[in-house]
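**Student:** for reference, the sequence and a predicted model appear below.
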Amino acid sequence: MKILYIDCGMGAAGDMLTAALLDACTDDEKKEILQQLNNIGIPDVTYTLTRSVKCGITGSHMEVAVAGVVESEDMYDHHHGEHEHHHGEDGHHHDSHHDHHYEHDHMRDGHEAHHHHHSMSDIMAVVNGLNVSDRVKKDVENVYDLIAEAESHVHGVKVEDIHFHEVGTMDAIADITAVCVLFEKIAADKVVASPVHVGSGQVRCAHGILPVPAPATAFILKSIPIYGGQIKGELCTPTGAALLKYFVDEFGSMPVMSSDQIGYGMGKKDFDRANCVRVIVGTVEERDQVSDGFFSSNDRIVELSCNIDDMTGEEIGFAADMLMQQGARDVFTIPIYMKKGRPAVLLRVICQPDDREKIVKAIFKYTSTIGIRETLCNRYILDRSMEQQETVYGTVSKKTVSGYGVSRAKYEYEDLARIARQQDISISEVKNMLN
């Protein structure tokens, strides 16, 4: 299975995602895709991929020029309308200022009347005329829908009343379209991203001073794991957030994978950390489900934990039985001591990621805990198969496991116990008779 992993340790923006995805391609693919991007028909837009070094790491930076002018902070500051969002001294390094170039009709006054603005229908008219596949056109539209929905929510206006400023329209289309083209080109079976570093502090705009992440970004990133960190400024832009929201299947740690291609998309500003988005394209060995429901090779598993000091052993045992019935893969306890020397137990429940919500509800239902910790783990497991062996004592199930250079087998306990009871002998004696 082909995996695309995105490291968002320094946030995300459209130009940095474009550069990272393109940097992960071969030299021939870069030339081909860059030529394709420059011929897709975005009016007056030119793409140029340049080399960039951050903290000793060499990667790529994507420059988008509109009518020969490369986007810059000064360019946008000079064109801001009274209500438009722009970066102050703490603004981020992404040069994706077009991310915030929106307007809505009831906020525009006479001072801004001479500016041109574009509605979603105007933008889609441009997109529908591009020399790209129907899938890319639909992807671009869906990403823009996420941004427009966020702006609508933040400003309390209808989506159809959201307008994007002319200055930012073409390079915004350029960034979003390029990322959509690259996702189609890479064609990963699954996209995984790290939790998103959004930055910290505040960002200054014409409305006043806003917290980081900006309100639209925060809305888009709902239900996605994010964190602030120590870097001051806006690390994740609304466009970057929308692209992640749309394309990423799962947020978490890097899966166990064999990497084939690595790309670095650089921002312009320098920090004590490499200012880049990193992507890794690789493969994960296919996992085939076998007869007993387990998966082979490697797997991801959720570990849910809680401390309990006010339940009896019988009550915990009952809870464990009920959790197994709810689909937990394993339940076990560890004796611990809590504050003031109170003896307690650490309850740990292992389950599949898709079952976590059901298991969490069951833990709260059958135990006295008021809080549950979650850890997402990579798990290495052996291939497993079950076979039925006919013996003079009846059918006996035998599990065989193999992989990572080992192979072994054992009889199922319930069948051994059945024979031991019938013959009035020990389980070890049954094993000896069967071997």
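**Tutor:** Arrived safely, thanks for sending. Numbering: from 1, shown residues only.
**Student:** tell me the predicted confidence for residue 209.
**Tutor:** At residue 209, the model reports a pLDDT of 83.
**Student:** got the CA positions of the one helix or strand it maps to in CSV?
**Tutor:** Residue 209 is part of strand 208-211 when elements are defined by DSSP states H and E. C-alpha atoms of strand 208-211 as CSV (Å, rounded to 0.1, in the frame of the first residue of the first chain):
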residue,chain,number,x,y,z
GLY,A,208,-7.2,44.3,15.5
ILE,A,209,-5.1,41.7,17.2
LEU,A,210,-6.2,38.1,16.8
PRO,A,211,-5.0,34.9,18.5
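**Student:** next secondary structure element downstream of that strand?
**Tutor:** Using DSSP H and E, the helix or strand that follows strand 208-211 in sequence is helix 215-220.
**Student:** how are the helices of the protein distributed by residue range?
**Tutor:** 14-23, 27-37, 73-79, 120-128, 134-155, 166-186, 215-220, 238-247, 313-325, 356-366, 413-423, 427-434 (DSSP state H).
**Student:** tell me the spacing between residue 405 and residue 382.
**Tutor:** 10 Å (Cβ to Cβ, to the nearest Å). For the C-beta atoms, the positions are set from N, CA and C on the backbone; glycine is no exception.
**Student:** describe which strands the strand holding residue 209 pairs with in its sheet and in which direction.
**Tutor:** strand 202-205 (antiparallel) (DSSP bridges).
**Student:** can you count the residues close to residue 410?
**Tutor:** 12 (other Cβ atoms under 10 Å).
**Student:** so what's it closest to, chain neighbours aside?
**Tutor:** Closest residue in space to residue 410, ignoring its immediate chain neighbours: residue 399 at 6.0 Å, by Cβ to Cβ, 6 or more residues apart in numbering.
**Student:** which strand residues bridge the one you found?
**Tutor:** According to DSSP bridges, beta-bridge pairing links residue 399 with residue 386, residue 410.
**Student:** burial count for it?
**Tutor:** With other Cβ under 10 Å as criterion, residue 399 counts 16.
**Student:** out of residue 405 and residue 382, which sits in the more crowded spot?
**Tutor:** residue 382 (15 against 5).
**Student:** and the more buried one, how close does it get to residue 283?
**Tutor:** From residue 382 over to residue 283 (counting by Cβ to Cβ), the distance is 20 Å.
**Student:** one step back: what pLDDT is listed against the residue nearest to residue 410?
**Tutor:** The predicted local confidence for residue 399 is 90.
**Student:** relative to residue 60, how far out is the nearest residue to residue 62 once chain neighbours are set aside?
**Tutor:** Nearest non-adjacent residue to residue 62, counting by Cβ to Cβ, 6+ apart: residue 19, 4.1 Å away. Distance, residue 19 to residue 60, using Cβ to Cβ: 4 Å.
**Student:** quick one, what contacts the closest residue to residue 278 other than its chain neighbours?
**Tutor:** The shortest distance from residue 278 to any non-neighbouring residue, by Cβ to Cβ, 6+ apart, is to residue 7 (4.0 Å). Going by Cβ atoms under 8 Å, 6 or more residues apart in numbering, residue 7 touches 193, 194, 254, 277, 278, 279, 280.
**Student:** what do you get if the cut-off is 7 Å, keeping everything else the same?
**Tutor:** 194, 277, 278 (Cβ atoms under 7 Å, 6 or more residues apart in numbering).
**Student:** one more: residue 37?
**Tutor:** Contacts of residue 37 (Cβ under 7 Å, 6+ apart): 47, 178, 181.
**Student:** so where's this protein shaky on pLDDT?
**Tutor:** Filtered on pLDDT under 70, the chain yields the residue ranges 71-118, 159-168, 205-207, 285-299.
**Student:** and the lengthiest strand in it, C-alpha only, in PDB?
**Tutor:** Longest strand in the chain, counting residues (DSSP state E): strand 297-308. Extracted C-alpha coordinates of strand 297-308, given in PDB (Å, rounded to 0.1, in the frame of the first residue of the first chain):
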ATOM      1  CA  SER A 297       2.900  -7.900   9.400                       C
ATOM      2  CA  ASN A 298       2.200  -4.600  11.200                       C
ATOM      3  CA  ASP A 299      -0.800  -2.900  12.700                       C
ATOM      4  CA  ARG A 300      -1.900   0.200  14.600                       C
ATOM      5  CA  ILE A 301      -3.600  -0.200  17.900                       C
ATOM      6  CA  VAL A 302      -5.100   2.100  20.500                       C
ATOM      7  CA  GLU A 303      -4.200   1.700  24.200                       C
ATOM      8  CA  LEU A 304      -6.700   3.200  26.600                       C
ATOM      9  CA  SER A 305      -5.600   3.600  30.300                       C
ATOM     10  CA  CYS A 306      -7.100   4.700  33.600                       C
ATOM     11  CA  ASN A 307      -6.200   4.500  37.300                       C
ATOM     12  CA  ILE A 308      -8.900   3.000  39.600                       C
END
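**Student:** which strands and helices sit next to it?
**Tutor:** strand 343-351, helix 356-366, strand 373-381 (3 or more Cβ pairs under 7 Å, 6 or more residues apart in numbering; DSSP states H and E).
**Student:** before we move on, back to that, what touches both of residue 19 and residue 60?
**Tutor:** 49, 265, 266.
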